[in-house]
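Peer 1: I would like to see how this sequence folds:
(chains A, B and C)
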Amino acid sequence: MPGPLTLGQIASRLGGRVAGDPGILIRQVGSLEGAGAGQIAFLANPKYRPQLSATGASAVVLGADAETFTTLPRIIADNPYAYFARVSQLFNPVVLQPPGVHPAASVAADARLGQGVSIGAGCAIGEGVEIGEDSCLYPGVVVYPGCRIGARAIIHSGTVIGADGFGIAEDGGRWVKIPQIGSVRIGDDVEIGANCCIDRGALDDTELGDGVKLDNQIQIGHNCRVGAHTAMAGRVGVAGSARIGRHCSIGAGALILGHLEICDHVRVSADTVISRSIRKPGTYTGMYPADGHEAWLRNTAQLRHLDALARRVRELERKLETNGGGNG
Amino acid sequence: MPGPLTLGQIASRLGGRVAGDPGILIRQVGSLEGAGAGQIAFLANPKYRPQLSATGASAVVLGADAETFTTLPRIIADNPYAYFARVSQLFNPVVLQPPGVHPAASVAADARLGQGVSIGAGCAIGEGVEIGEDSCLYPGVVVYPGCRIGARAIIHSGTVIGADGFGIAEDGGRWVKIPQIGSVRIGDDVEIGANCCIDRGALDDTELGDGVKLDNQIQIGHNCRVGAHTAMAGRVGVAGSARIGRHCSIGAGALILGHLEICDHVRVSADTVISRSIRKPGTYTGMYPADGHEAWLRNTAQLRHLDALARRVRELERKLETNGGGNG
Amino acid sequence: MPGPLTLGQIASRLGGRVAGDPGILIRQVGSLEGAGAGQIAFLANPKYRPQLSATGASAVVLGADAETFTTLPRIIADNPYAYFARVSQLFNPVVLQPPGVHPAASVAADARLGQGVSIGAGCAIGEGVEIGEDSCLYPGVVVYPGCRIGARAIIHSGTVIGADGFGIAEDGGRWVKIPQIGSVRIGDDVEIGANCCIDRGALDDTELGDGVKLDNQIQIGHNCRVGAHTAMAGRVGVAGSARIGRHCSIGAGALILGHLEICDHVRVSADTVISRSIRKPGTYTGMYPADGHEAWLRNTAQLRHLDALARRVRELERKLETNGGGNG
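Peer 2: Below you'll find the model as predicted:
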């Protein structure tokens, strides 16, 4: 980590335009609410302007439209949030674990680990696994045999890569297991949160493209393909053989059913179930709204009669049409 | 564990009033259905009265309103369920693991463990972690560097505390990682189920108050604050920066979206998504009701026309108003 | 693993009827899309017929109704998918881990492991645990004290068996823990995916019947009983004390609330919440449909007025009845 940097030094490394004193020393990033002297905060959303007025930060990053909201020393950037992320990377490590294999990890003799790979305590790395350079697996990650992970991956604790996909065939009331002989291939610059499951393919491989970012507790079923730079929030589920495009964003708790295709640049809202393929970029939502319990009871009771209600309205329209004719 | 206790001895330790023979010996607790001789069961809900009539238990705990439902030796308590919990604690250990650090655990040299702490096999405790006295971490718990856990915590296997929050900033179709430099602070007397994820804060800390109780597979996003004595059932998700009050109950599978505030004494039903702040105590629900598949298909098809249906009803009202006027 | 087999040899081991050259050599299974020379694929659903026409496979398994869809060497089977599963088992191991206890596993001295049991690195097996012959626990599985697992189990990484059920009693704003003194009993031929949680019973045991198949991230609450040969897709949640019948299928993300009974041969669709007992076999669904965000906003806004809308329609019907009478 570098020592403190002046605002001017930050801007000369990362770009952006300085307003106010470029010589002010910055040692760390902080939130508008929590930052103190020597810290730099950011404003990306005008609704936090009151926090900007009250901040104890020594400097801020903001957009040109907000330049006049403060007289604090500041950096004006096109994308203040991404800029702030890069400032934070100047002052803070992106991974918390040193390179090398922890003595309490189990790594198969024939696994191939790139330069700078970090394997935490309790990890288990199976036969024939490949992990690209500078990747970090935090404690307790399991990688089943034959899976490949690219460079600069960050994989958080408890995540399981390459467990069997859920492949069973019904036969006379019993389930016959289908050996899962595919594997998992993960591109470069992928981050996977804690306690996720990326299943191995049934016959072909399960694939995560470059730059995919997954939050915690996500399940990716066998044979799925997730396109590059797609991000998923916590506890998303993707059922087997789904194909998800590039640059998609999937909200927390959403569920993508199996054998679907979702094109590039699709945004799925939280708690939404996608049950048909999506071929047009855009935002898709299917969340049932919460209400006070009594109101919910009253309104939801009508859901079971919705088709009947629609038929009654049609009947009313028909009658009124007739009556209206009679009256006109 | 104590040996057997008489009903009278139990009542003298825990309070309550004995009816029937106080000398009967009790060795263990049991359910009304499963209990046999030497066991004490409880009745907290009158709908289980038939099971009370048929029970093989030697004694029961019940409320004053149910005192006459049985002639078995019994303890009358204000809160029979909580009383029964305390009786069970007399006969059974609350944790199943002895104090001390298992040889197969990895504990950073500078981690500070209070007296009586129990760390199971396969746990990984990072640098600078603090864990208060008499806390028990079952096998396979991971605590990332810098997190603090209070006294008497019970943390079940597979839970990950302090993994990075999901902080990424979009920049020209790529994701830039925001280092997560906050930590996790957990109060005293907290229980966390298996395979949960409590993420570290982005800038400030993620916090769980005293007496918080979490079931399994719960995800608490970065910067959340959960108030004291709030309980969450299995697989609740709380997205980043949500603030949840004290004494709340969150039902199984519920999802609290990010940056919301929920006041004290709020009860959220199972499978409910909270997408706006709640400022009034009460029960909130948003669960879509299940039905036979054919009926569901018929009714749910109308959901996509609900706005149109409402407009058609308004039109009918308008027409009938006109017609009605014409007819009146 | 056997070496290559001729189509005729496969049929003589597994049954079915050969059409075309029975002498063709098969070395592995594959998908219609991905298979090449020496591989056998299958067709179970006529919608994949175009892939059959284009396949590079040397042979296929299909039903009698599809026998004429191809001139490739083929096996005609009553249940092509289950047949294919068995063919795959001929060429591939069902588990990827050799028998024996990995040196990095922790097994209690009094645990009883049957012949051929495989315990992966990082597993923790508690006191008094019993595991039947030929069962395989992949790395990082935790089995709490006293739990029993039958023969031929396959349990994937990160799964926790026998953690405390979520038993707490409210008393004056504080939660009192109820010791969970039941255990977990798992039958024979059960497969459990990664990062699942099967909680121990509060008083009696939690039970999974023979042949139960669970996908990843499933939560089975305390005291549940799941009947034999029931299958559950990813992230199903079953709350405490639910009784689920035999031969049920529970879709991904479904939630079964506590203290319910579901009879045999029930199919629950994905993302469906079951909040009442089901006493009749069939398919039950309760999934809120996704839509474009703007359409969803418009339609969903009406849900809060559904009861009022139904009352308005009733009023219209009443008025029109009166008017209609006046006009008739």
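Peer 1: where does the stretch 1-150 of chain A dip in pLDDT?
Peer 2: A:1-2 (pLDDT under 70).
Peer 1: how about a cut-off of 80?
Peer 2: Residue ranges of the stretch 1-150 of chain A with pLDDT under 80: A:1-3.
Peer 1: flag every residue of it that's near chain B.
Peer 2: A:28-31, A:33-35, A:79, A:81-82, A:84-86, A:88-89, A:91-94, A:96, A:102, A:104, A:120-122, A:138-140 (CB under 8 Å from any CB of the partner chain). The way it works is simple: take the backbone N, C-alpha and C, and place the C-beta from them, glycine included.
Peer 1: okay, and which of those map to helices?
Peer 2: Here DSSP state H is the test, and the residues of the stretch 1-150 of chain A next to chain B give A:81-82, A:84-86, A:88-89, A:91 as lying in helices.
Peer 1: how about these in JSON lines, adding neighbour count?
Peer 2: Shown next, in JSON lines, are those (neighbours: other CB atoms under 10 Å in any protein chain shown):
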{"residue": "A:Tyr81", "neighbour count": "20"}
{"residue": "A:Ala82", "neighbour count": "23"}
{"residue": "A:Phe84", "neighbour count": "26"}
{"residue": "A:Ala85", "neighbour count": "23"}
{"residue": "A:Arg86", "neighbour count": "21"}
{"residue": "A:Ser88", "neighbour count": "25"}
{"residue": "A:Gln89", "neighbour count": "16"}
{"residue": "A:Phe91", "neighbour count": "20"}
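Peer 1: can you tell me the closest non-neighbouring residue to whatever residue of the stretch 201-328 of chain A ends up closest to chain C?
Peer 2: Chain C sits closest to A:Gly286 of the stretch 201-328 of chain A, with a gap of 3.2 Å, by CB to the nearest CB. Nearest residue to A:Gly286 in three dimensions, chain neighbours excluded: C:Ala290, at 3.2 Å (CB to CB, 6 or more residues apart in numbering or on different chains).
Peer 1: what of A:Glu67?
Peer 2: A:Ile76 (5.3 Å).
Peer 1: what about stretch A:269-280, start to end distance?
Peer 2: 15 Å (CA to CA, to the nearest Å).
Peer 1: for it, the averaged confidence score.
Peer 2: For stretch A:269-280, mean pLDDT rounds to 98.
Peer 1: are that stretch and chain B in contact anywhere?
Peer 2: Yes - residues of stretch A:269-280 contacting chain B under CB under 8 Å from any CB: A:270-271.
Peer 1: now do that stretch: everything it contacts.
Peer 2: A:233, A:251-257, A:260-263, A:266, A:268, A:283-288, B:239, B:255, B:257, B:273, B:275, C:253, C:270-271, C:287-290, C:293 (CB atoms under 8 Å, 6 or more residues apart in numbering or on different chains).
Peer 1: switch to 6 Å and redo it
Peer 2: Contact with stretch A:269-280 is made by A:251-257, A:260-263, A:266, A:285-287, B:255, B:273, C:271, C:287, C:290, as judged by CB atoms under 6 Å, 6 or more residues apart in numbering or on different chains.
Peer 1: among these, which are in strands?
Peer 2: A:255-256, A:261-262, A:266, A:285, B:255, B:273 (DSSP state E).
Peer 1: now neighbour count too, for those, in a markdown table please.
Peer 2: Formatted as a markdown table, these follow (neighbours: other CB under 10 Å):
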| residue | neighbour count |
| --- | --- |
| A:Leu255 | 27 |
| A:Ile256 | 27 |
| A:Glu261 | 14 |
| A:Ile262 | 25 |
| A:Val266 | 22 |
| A:Thr285 | 22 |
| B:Leu255 | 27 |
| B:Val273 | 25 |
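Peer 1: ends of stretch A:110-126, how far apart?
Peer 2: 8 Å.
Peer 1: if you count neighbours, what's buried in it?
Peer 2: Residues A:111, A:113, A:117-126 are the ones in stretch A:110-126 that count as buried (16 or more other CB atoms under 10 Å in any protein chain shown).
Peer 1: is that stretch in proximity to chain C?
Peer 2: Yes - judged by CB under 6 Å from any CB of the partner chain, stretch A:110-126 comes into contact with chain C through A:122, A:124.
Peer 1: before we move on, what about stretch A:139-150?
Peer 2: Yes - counting by CB under 6 Å from any CB, chain C has neighbours in stretch A:139-150: A:142, A:145.
Peer 1: can you list the residues that contact that stretch?
Peer 2: Applying CB under 6 Å, 6+ apart, the set of residues contacting stretch A:139-150 is A:120-132, A:155, A:157-163, A:183-188, B:124, B:142, C:96, C:139-140, C:157.
Peer 1: show me how chain A divides into domains.
Peer 2: A:5-91, A:100-284, A:293-327 (automatic domain parsing).
Peer 1: winner for burial among those domains?
Peer 2: Comparing these by mean neighbour count (mean count of other CB atoms under 10 Å in any protein chain shown), domain A:100-284 comes out on top with a mean of 23.
Peer 1: from the middle of its chain, how far away would it be?
Peer 2: 12 Å (CA atoms, centre = their mean, to the nearest Å).
Peer 1: how far does it stretch from one end to the other?
Peer 2: 43 Å.
Peer 1: do the same with stretch A:138-148
Peer 2: Using CA to CA, first and last residues of stretch A:138-148 are 17 Å apart.
Peer 1: what residues are bridge-paired with A:Lys177?
Peer 2: A:Ile168 (DSSP bridges).
Peer 1: likewise for A:Ile192?
Peer 2: Beta-bridge partners recorded for A:Ile192 (DSSP bridges): A:Ile155, A:Leu214.
Peer 1: list the residues that contact it.
Peer 2: A:155, A:159, A:214.
Peer 1: I'd like these laid out as JSON lines, including pLDDT.
Peer 2: Listed next are the contacts of A:Ile192 as JSON lines, based on pLDDT from 0 to 100:
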{"residue": "A:Ile155", "pLDDT": "98"}
{"residue": "A:Thr159", "pLDDT": "98"}
{"residue": "A:Leu214", "pLDDT": "98"}
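Peer 1: any idea how far the nearest residue to A:Ser53 once chain neighbours are set aside is from chain B?
Peer 2: Leaving out its chain neighbours, the residue that sits closest to A:Ser53 by CB to CB, 6+ apart is A:Thr70, at 7.3 Å. Remark: distance between A:Thr70 and chain B (CB to the nearest CB, to the nearest Å) = 19 Å.
Peer 1: same thing with A:Ile198?
Peer 2: 16 Å.
Peer 1: shouldn't that residue be in contact with A:Ile220?
Peer 2: Yes - applying CB atoms under 6 Å as the test, A:Ile198 and A:Ile220 come out as touching, 4.7 Å apart.
Peer 1: ok so, going back, what's the neighbour count on the residue nearest to A:Gly286?
Peer 2: 23 (other CB atoms under 10 Å in any protein chain shown).
Peer 1: check what pLDDT it gets.
Peer 2: So C:Ala290 comes in at 97 (pLDDT).
Peer 1: contacting residues around it?
Peer 2: A:272-274, A:284, A:286.
Peer 1: dig out what the closest residue to A:Ser118 other than its chain neighbours forms beta bridges with.
Peer 2: Closest residue to A:Ser118 apart from its sequence neighbours, by CB to CB, 6+ apart: A:Cys136 at 4.3 Å. For A:Cys136, the beta-bridge partners are A:Ser118, A:Ile154 (DSSP bridges).
Peer 1: coming back round to it: can you redo the ones in helices among the residues of the stretch 1-150 of chain A next to chain B as a markdown table with distance to chain C?
Peer 2: Shown next, in a markdown table, are those (distance: CB to the nearest CB, whole Å):
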| residue | distance to chain C |
| --- | --- |
| A:Tyr81 | 22 |
| A:Ala82 | 25 |
| A:Phe84 | 28 |
| A:Ala85 | 27 |
| A:Arg86 | 31 |
| A:Ser88 | 30 |
| A:Gln89 | 30 |
| A:Phe91 | 34 |
